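A.B. asks: how would this look folded up:
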Amino acid sequence: MKQNAGIDYGMGMTNRDHENGIHYGVISQDEVLQAWADSSEPYYGDEKEIDEDAEPLSFSFEGDGYLAECGDDGDIFITKSPFYTLCAFCSPCAPGAGYLMDSRKDGIKAYCFGHDWYEDGKAPYPVYDVKTGRIVNE
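C.D. replies: Numbers count the residues shown, from 1 in each chain. This next block holds a predicted model:
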């Protein structure tokens with residue numbers, strides 16, 4: 001039975017890198033919680049005076065070729081990465097993005113975290129190098 005990638009609710013325009021066509025990847029922070037907690041930085045807003053008890057508006061990570069952000073819904077959007085995987089489109093709540101935990105052989109290319117983001121050293125999806133297109137072993 002042939003799998004398909006689902007519906008692109010972004011119609012090719014949203015949640016994708018227009019330079020190379022790779023879609024943004026979406027994953028729950030729970031899947032990479034320890035690495036995300038160790039690496040991400042809180043964002044409190046642009047206010048000059050922030051209440052000491054203020055909760056962060058979001059968390060983000062920029063480094064090692066990655067650009068990722070997580071809001072209060074707990075989903076991390078990976079908008080740049082040295083890696084991609086093949087997966088299904090997200091539901092309409094993230095139009096045009098790929099849901100990393102729904103791996104598909106004939107899916108869309110979506111930015112993803114590499115193997116080192118996972119506690120056991122292996123991503124739950126195939127990881128490909130953006131520059132070469134080759135699969136990356138753990």
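
A.B. asks: Show me what the lowest-mean-pLDDT helix or strand in the chain pairs with in its sheet, parallel or antiparallel.
C.D. replies: In the chain, the helix or strand scored least confidently by mean pLDDT, DSSP states H and E is strand 41-43, which has a mean of 93. Its sheet considered, strand 41-43 pairs with strand 58-63 (antiparallel) by DSSP bridges.

A.B. asks: Next, the buried residues of the strand it pairs with.
C.D. replies: Across strand 58-63, burial judged by 16 or more other C-beta atoms under 10 Å covers S58, F59, S60, F61. To be clear about C-beta, it is placed using only N, CA and C from the backbone, and glycine gets the same treatment.

A.B. asks: Now distance to A110 too, for the residues you listed, in a markdown table please.
C.D. replies: Below are those laid out as a markdown table (distance: C-beta to C-beta, whole Å):
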| residue | distance to A110 |
| --- | --- |
| S58 | 20 |
| F59 | 20 |
| S60 | 18 |
| F61 | 17 |
